[in-house]
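A.B. asks: Give the three-dimensional model of this entry:
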Amino acid sequence: MTRVIGLMSGTSVDGIDVALVDISGEDLDIKVELIEKATYPYQPALRERILSVCAGEAISMPELAQLDDAIAIAFAQAAVNIQTIHEDATLIGSHGQTVYHRPPIEAGEVCETNLGYSLQLGRGALIADLTGITTVSNFRAADIAAGGQGAPLVPRVDAALLAHPNEARCIQNIGGIGNVTYIPARSGDWLSQIRGWDTGPGNSLLDLAVNQLSDGTKNYDENGDWAASGTICQPLVDKWLKHEYFQAPPPKSTGRELFGFDYIKQCFHEAEQYKLNHADFLATLTELTAASIVYNYRHFLPEMPKRVLLCGGGSRNLYLKHRLQALLESIPVTTTDEFGLNADFKEAIAFAVLAYWRLHGSSGNLPCATGAKQEVLLGEVIEC
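C.D. replies: Residues are numbered from 1 along each chain as shown. Next up is the predicted model:
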């Protein structure tokens, strides 16, 4: 058994999720027990700096180096904090903070290579040095080098922890960006039939809109209460669903580069003709997240699942969950909590597992999800 710390901060840039877990077993036949969990918010100035870089603000190389160090220090401190209760972790898996993600370039575009690119700040070498714990980081690079999207990386973990012998399931993470893992019933050649991709915006647009509509006093719509008090503008949802990203088949991945500051400005502009109040706009934007998830299912899954399991911050948005259930009709929508995997910390747990697999020589990606040419070991190891 190995005690591992998983560190994760997603596209919402809310803070650093930390999961301390015990892992045993090999490859897909593993057991994971969550021992401790915590979220450590970024300092406001650091969060604002990260968001500005994600929005495309120019940054010098010295400033980039400083930001890289600041994020690594914050991640290391989060690991140290969780260790004050349990001091025997021997491994850290750190996703880092994504500040730029570019899927593979389409053939014919001017580029030295068609490979994608993804940058996560918070270098593992500094985390390892500050904590004294062997650290695995930079998980996306190997999949991208093999021609993959570098995302999503959780489908293989979902398969290990949430597959069912008789039931096809969708594991739907709703962070800043939404991503799905489709897992068929665990029998026969089930692993090659798994699918996974980014479905589009999760909380990213909602959080930006709430912050603007509240004049900076709120960062998110708690429980979806504000949106629930509004009325959905269906013509606007229908227009937004025509976006080329939703129409594109998997494998595909996205981020704030596509569904971020510029896109929310466009949404506000296109909503002007409908004269929506604030609640109506948020209800409509929430519907876009729900409808885009269901659109992806209906158009790109081999079959509709028997059950949908939600995780990530968006799983706590009761109005969003209600709208997903309404659109999916008779397909039950629940959370991974009900199947033994903490919905708030599933992503942090996943990177703990990926680090464990890396040290045990097990591949971490699924080419059928990312589009890579082959399975590869994920992550760079800094030993202590």
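A.B. asks: how close does G116 sit to V157?
C.D. replies: Distance of G116 to V157, given as C-beta to C-beta, to the nearest Å: 21 Å. (Each C-beta comes from the backbone N, C-alpha and C, glycine too.)
A.B. asks: Between these two, tell me which one has more neighbours.
C.D. replies: V157 (28 against 22; other C-beta atoms under 10 Å).
A.B. asks: Regarding the more buried one, what is its secondary structure?
C.D. replies: helix (DSSP: H, G, I helix; E, B strand; the rest coil).
A.B. asks: quick one: the helices in the stretch 251-384 of the chain?
C.D. replies: 261-271, 278-300, 318-328, 346-359, 367-370 (DSSP state H, counting those that start in this stretch).
A.B. asks: can you tell me which of these comes nearest to Q120?
C.D. replies: Among the helices of the stretch 251-384 of the chain, the nearest to Q120 by C-beta to C-beta is helix 346-359 (10.7 Å).
A.B. asks: Relative to Q77, which of the helices of the stretch 251-384 of the chain is closest?
C.D. replies: Nearest of the helices of the stretch 251-384 of the chain (C-beta to C-beta): helix 346-359, 15.3 Å.
A.B. asks: Off-centre distance for the closest one?
C.D. replies: 14 Å (C-alpha atoms, centre = their mean, to the nearest Å).
A.B. asks: With stretch 365-372 instead?
C.D. replies: 16 Å.
A.B. asks: ok, now stretch 187-205?
C.D. replies: The answer for stretch 187-205 is 11 Å, by C-alpha atoms, centre = their mean.
A.B. asks: buried ones in that stretch?
C.D. replies: Buried residues in stretch 187-205, counted by 16 or more other C-beta atoms under 10 Å: 191, 194-205.
A.B. asks: try stretch 63-73
C.D. replies: Buried residues in stretch 63-73 (16+ other C-beta under 10 Å): L67, D68, A70, I71, A72.
A.B. asks: One more: stretch 36-53?
C.D. replies: Buried residues in stretch 36-53 (16+ other C-beta under 10 Å): E36, K37, A38, T39, Y40, Y42, L46, R47, R49, I50, L51, V53.
A.B. asks: can you list contacts of that stretch?
C.D. replies: 9, 13-20, 59, 67, 70-71, 74, 77-78, 81-82, 85-86, 97, 99, 121, 342, 344-345, 348 (C-beta atoms under 8 Å, 6 or more residues apart in numbering).
A.B. asks: In contact with the residue nearest to A290 when sequence neighbours are not counted, which residues are there?
C.D. replies: Take A290 and drop its neighbours on the chain: the residue closest to it by C-beta to C-beta, 6 or more residues apart in numbering is R323, 4.0 Å away. R323 sits next to T286, E287, A290, A291 when contact means C-beta under 8 Å, 6+ apart.
A.B. asks: again, but for R169
C.D. replies: Counted by C-beta under 8 Å, 6+ apart, R169 has contacts L162, A163, Y182, I183, P305, K306, R307, V308, L309.
A.B. asks: cutoff 10 Å now
C.D. replies: R169 is in contact with 158, 162-163, 181-186, 305-309, 339, counting by C-beta atoms under 10 Å, 6 or more residues apart in numbering.
A.B. asks: Look up the residues forming beta bridges with it.
C.D. replies: Beta bridges link R169 to I183, R307, judged by DSSP bridges.
A.B. asks: what does I92 give?
C.D. replies: Beta-bridge partners of I92, as defined by DSSP bridges: I5, T135.
A.B. asks: OK, contacts around it?
C.D. replies: 4-7, 18, 75-76, 79, 124, 127-128, 131, 133-137, 351-352, 355, 382, 384.
A.B. asks: As a markdown table, the helices of the stretch 251-384 of the chain with distance to L28 would be great.
C.D. replies: Listed next are the helices of the stretch 251-384 of the chain as a markdown table, based on distance: least, C-beta to C-beta, whole Å:
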| stretch | distance to L28 |
| --- | --- |
| helix 261-271 | 37 |
| helix 278-300 | 24 |
| helix 318-328 | 28 |
| helix 346-359 | 10 |
| helix 367-370 | 14 |
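A.B. asks: any chance of those in a markdown table, with distance to H243 and mean pLDDT too?
C.D. replies: Rendered in a markdown table, the data for the helices of the stretch 251-384 of the chain read as follows (distance: least, C-beta to C-beta, whole Å; pLDDT from 0 to 100):
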| stretch | distance to H243 | mean pLDDT |
| --- | --- | --- |
| helix 261-271 | 9 | 96 |
| helix 278-300 | 8 | 98 |
| helix 318-328 | 18 | 98 |
| helix 346-359 | 25 | 98 |
| helix 367-370 | 22 | 95 |
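A.B. asks: so which of those helices is the most packed in?
C.D. replies: helix 346-359 (a mean of 27; mean count of other C-beta atoms under 10 Å).
A.B. asks: how much does the helix or strand hosting P62 deviate in direction from helix 346-359?
C.D. replies: Assessed by DSSP states H and E, P62 sits inside helix 61-83. Calculated by axes from the mean of the first three to the mean of the last three C-alpha atoms, to 10 degrees, helix 61-83 forms an angle of 90 degrees with helix 346-359.
A.B. asks: Which elements pack onto helix 61-83?
C.D. replies: strand 2-9, strand 15-26, strand 29-41, helix 44-54, strand 91-102, strand 117-121, helix 124-131, strand 134-137 (3 or more C-beta pairs under 10 Å, 6 or more residues apart in numbering; DSSP states H and E).
A.B. asks: And those: which comes nearest S330?
C.D. replies: strand 29-41 (31.1 Å).
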